[in-house]
Every structure is written in structure tokens, then in C-alpha cells.
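Novice: starting from these lines, generate the structure:
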Amino acid sequence: MEATVDSESVRQAVRQGYSKIAANESGCGCGVSCCGSSAEVSADLARYVGYSAEELAALPEGANLGLSCGNPNALAALKPGEIVLDLGSGGGFDVFIAARKVGAAGRVVGVDMTAEMVAKARKSIGPYRDRSGLDNVEFRLGEIEHLPVADNSVDVVISNCVINLSPDKPQVWREIARALKPGGRVAVSDLALLRPLPAEILSMFEALIGCVSGAVLVSETERMARQAGLTGIGLNQKADYVKLMTDWHDPLYKQIIERLPAGTGPSDYITSLEVTARKPGEDSCCAQNVVS
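Specialist: The predicted structure is shown next:
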């Protein structure tokens, strides 16, 4: 029972933090990364992690909240006609970019547990439709531990700096495997640990909402994906992301530095991690273009 209470406390803290971000308030006192940022800094961060100027220019206003720690869209190498599921879709940033890649025959569904985020993203559907001529996006309220999609229904699962926020990560990976069609693939950008963080940082609310204290070891991520039944697991560490946050004097990372042992820095503990994997079975891409 105690674990359940702890898990729900984490979910509530995350909801509260990201509700503030959706309302253009500070979620945790941070300037960039998972805490959200100004439009200018959000665009700079997105370009740094690999989004093109064309992709950013085509976004509905307000979709980029500066919550990226990588570029799962690039990892996924999306194809026209594919069905894509975005875990923790926020303001719709990756959903709208992916939707242009899969085109009219494809579909992208974003799932977020924060009602304010879902409402914010849904407001952008009209402007996206007007600018792109496409009607292929949807946002659903739900937890990534219990995805509101049918079994074997999506070609690709993407996620950007979100799985670390879950108090039950093994369940998230099991849900990813359940939702994917046989042969479907995963492309996740997240924060991960190279070694355990000091206890003082683990207890920081700011570090939880900022995607740091909930992160797990790189080896744990691989283990969870494998135990969920996924294969072909690829792990690519991108240490430059953490260095960027430190160089930009991100408020969260400044707090972390103050609490680390002398002679160490955030990049000794934290890395941006690209995770790719596949569900065993024959690739059934584009066999159906409606997610139930």
C-alpha cells in the first residue's frame, strides 16, 4: 500500500508541475529542459537537439514548450501512412511534427495525463489543420502506464523526456509493447543516469519535474525494455545535452551542481539517452490507419 501512495504522490506532483507549465507559469523554477522555457529559448533548444528550422516554423503557436531532451521524430524515421503514438505529448510539439511526416494516410495520437496540456494541444489542432491541410492528429487524456489505445494498433511509439517522470517505468515499457503492432518500433529520447544521484537531489521537487530525479540508470532502461519483450534495443548517450544545460546556466542544473560532491558535475551523473527498439513479428506498417 505504501508504494501505491508514493506512486500517486509522484503523479500528483507531476500533474501540478506541468499544469503550471501549460498555463505559461514556471513549473519548477527552471529556465529550459523539462521545466519549460520562453519561446526563444525553446526554439534554441529544439534546434540544438536536431529539429530543423522548417519543422519549427510549421508548428502552431505555443506548441513548443521547451520540454525536449532529444529528437524522437528523427530517430523514428517516420514513413507516410504510419500510425504514431506520442507518450506525454504536452502541447503537441512532436505530434504536429510527426503528423506532417506520416501525411494524410497516417495518424498521430498524443497521450498526456495533464488535462491542461491536452486542452492546450487540442486548441492547436485547428491552426495545424488550416496550415497543413491535414486532419490526422488527436490528443487523449490518459496515463502512459495505462495507454488509451488498443492492443497491436500503432506502428511507432515516440516519447520525448517523459518516461523518467513515471513512478512505474516497467509498466510503461509493457504498455509500449502492448500497443505496438508486430514489427512496430520505438523511438524515445529521455534522461538517464550514468550513476546514482545523491539522496539530496533525489528528494528535490524541482529535480522530479525537471526530469532528473526520476531518471534511472542506462542499464535499467535496457533491462525494462527487454523484459517487456522488445528486441533490437539501441542505446545512444548524448552527453552534450547536459553540458548545454550547464553552460546555459539552467536554474535546475545550478541547484544540482550545488548539491553534488566536490569535483563532480551534472554530466558525471546525467545523460540524454536515445532508445530505439522493435516489437518482434512481421512489420505490418500502414495496414490500418485508425487507432481504436
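Novice: find the residue closest to residue 178 in space, skipping its chain neighbours.
Specialist: Spatial nearest neighbour of residue 178, excluding adjacent residues (CB to CB, 6 or more residues apart in numbering): residue 151 at 5.5 Å. All C-beta atoms are positioned from the backbone trio N, CA, C, and that covers glycine.
Novice: what about that neighbour, how many neighbours?
Specialist: Neighbourhood size, residue 151 [other CB atoms under 10 Å]: 10.
Novice: quick check: phi and psi at it.
Specialist: phi -60, psi 150 (degrees, to the nearest 10).
Novice: correct me, but it touches residue 179?
Specialist: Yes. In terms of CB atoms under 8 Å, residue 151 counts as a neighbour of residue 179; the distance is 7.0 Å.
Novice: quick one, helices of this structure?
Specialist: All helices of the chain, identified by DSSP state H, fall at 2-22, 39-48, 53-57, 72-76, 93-102, 115-123, 125-132, 169-179, 199-202, 205-209, 218-227, 240-247, 251-259.
Novice: can you tell me which of these is most buried?
Specialist: helix 93-102 (a mean of 26; mean count of other CB atoms under 10 Å).
Novice: excluding chain neighbours, what is closest to residue 195?
Specialist: residue 269 (5.9 Å).
Novice: what does residue 276 give?
Specialist: Using CB to CB, 6+ apart, the closest residue to residue 276 is residue 234 (4.2 Å).
Novice: between the helices of the chain, which one is closest to residue 66.
Specialist: Each of those has some distance to residue 66 by CB to CB; the shortest is helix 39-48, at 3.4 Å.
Novice: average pLDDT across the closest one?
Specialist: What helix 39-48 shows for mean pLDDT is 79.
Novice: and it with helix 93-102, angle?
Specialist: 50 degrees (axes from the mean of the first three to the mean of the last three CA atoms, to 10 degrees).
Novice: chain center to helix 39-48, what's the gap?
Specialist: 16 Å (CA atoms, centre = their mean, to the nearest Å).
Novice: which other helices and strands contact that helix?
Specialist: Helix 39-48 sits against helix 53-57, helix 240-247, with contacts defined as 3 or more CB pairs under 8 Å, 6 or more residues apart in numbering; DSSP states H and E.
Novice: can I get the ones you listed in a markdown table including mean pLDDT and distance to residue 222?
Specialist: Below are the helices and strands packed on helix 39-48 laid out as a markdown table (pLDDT from 0 to 100; distance: least, CB to CB, whole Å):
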| stretch | mean pLDDT | distance to residue 222 |
| --- | --- | --- |
| helix 53-57 | 93 | 29 |
| helix 240-247 | 83 | 19 |
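Novice: need those in CSV with distance to residue 175, can you?
Specialist: Listed next are the helices and strands packed on helix 39-48 as CSV, based on distance: least, CB to CB, whole Å:
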stretch, distance to residue 175
helix 53-57, 27
helix 240-247, 26
